[in-house]
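# Test case, fold it:
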Amino acid sequence: MTQKNAGKICRIATAVLFLLAFFLSGNAAASGENYWNRAVRNIVETWNSGTYDLYVPVHTWHNRLFYDREHIDKYNEEPWGIGFGKSRYDEDGDWHGLYAMGFKDSNRYLQTIFGYAYQKNWTLDENKDWKIGVGITLSVTQRHEYNYIPLPLPLPIAGLTYKRLSIQAAYVPGVKNDGNILFTWLRWQLN
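The predicted structure follows:
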């Protein structure tokens, strides 16, 4: 990674962190609760929930607008792996999750990611079986090209849920032939 790319990633990460603070804040200002306390409370409540999730990575799509044919031909888009987590829905029906996943990255090496995710949901039917949402994850990842040193990776996420099954995705921004990846996984609520 060049210094120019690292600088862009840092600027993107900073912008995403501000978005995270916004999403986690909810009505924090109106209730007198500060942003940090709200974030900690959401994480603790999620950790203490009794709901467990199974994660199965299903696809890594390299955005063809940013990759040349040589890179597309060599990259892996089948991220075989598995993950586990805990989650909960809050009083507004929004989803909070703590998770850890391991999978094959674009170069077929092991990549790990763990973190906290928040997804603002809207119901699509009267029974509230179908939900659609957008949000953010504040995560840490480890990759082979960085000697598995943990690196922060805040990302936007989106998902579609039917009862206990969700398909969720995160978009990794980037530059030409680096980043610009849509990572998709299934999440099954175990209980």
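
# any weak-confidence spans in this structure?
1-32 (pLDDT under 70).

# Any idea what the most centrally placed residue in the chain is bridged to?
For the chain, residue 137 is the residue whose C-alpha lies nearest the centre (CA atoms, centre = their mean; 4.2 Å). Judged by DSSP bridges, the bridge partners of residue 137 are residue 117, residue 155.

# hang on, isn't it packed against residue 172?
No - using CB atoms under 8 Å, residue 137 and residue 172 do not qualify as a contacting pair, with a distance of 11.0 Å. Bear in mind the C-beta positions are built from the backbone N, C-alpha and C, glycine included.

# So which residues of this protein form strands?
Assigned by DSSP state E, the chain shows strands spanning 51-62, 81-89, 95-104, 110-123, 130-142, 151-162, 165-172, 181-189.

# now the ones you listed in JSON lines, with distance to residue 36?
Formatted as JSON lines, those follow (distance: least, CB to CB, whole Å):
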{"stretch": "strand 51-62", "distance to residue 36": "25"}
{"stretch": "strand 81-89", "distance to residue 36": "20"}
{"stretch": "strand 95-104", "distance to residue 36": "16"}
{"stretch": "strand 110-123", "distance to residue 36": "14"}
{"stretch": "strand 130-142", "distance to residue 36": "13"}
{"stretch": "strand 151-162", "distance to residue 36": "16"}
{"stretch": "strand 165-172", "distance to residue 36": "24"}
{"stretch": "strand 181-189", "distance to residue 36": "27"}
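
# residues contacting the residue nearest to the centre of the chain?
Residues in contact with residue 137 (CB atoms under 8 Å, 6 or more residues apart in numbering) are 115-118, 154-155, 157, 170.

# Now render the residues you listed as a markdown table, adding distance to residue 41 and neighbour count.
Listed next are the contacts of residue 137 as a markdown table, based on distance: CB to CB, whole Å; neighbours: other CB atoms under 10 Å:
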| residue | distance to residue 41 | neighbour count |
| --- | --- | --- |
| 115 | 17 | 20 |
| 116 | 12 | 20 |
| 117 | 16 | 24 |
| 118 | 12 | 24 |
| 154 | 19 | 20 |
| 155 | 22 | 24 |
| 157 | 21 | 20 |
| 170 | 24 | 22 |
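
# If we only consider these, which is nearest to residue 93?
Distance to residue 93, by CB to CB, is smallest for residue 118 among those, at 12.4 Å.

# Please report how far the closest residue to the closest one other than its chain neighbours lies from residue 96.
Excluding the flanking residues, the one nearest residue 118 by CB to CB, 6 or more residues apart in numbering is residue 135, at 4.6 Å. Noted for residue 135: a distance of 9 Å to residue 96, by CB to CB, to the nearest Å.

# now do residue 159
13 Å.

# same deal with residue 140?
Taking CB to CB, one finds residue 140 at 17 Å from residue 96.

# okay, now residue 63: neighbour count?
15 (other CB atoms under 10 Å).
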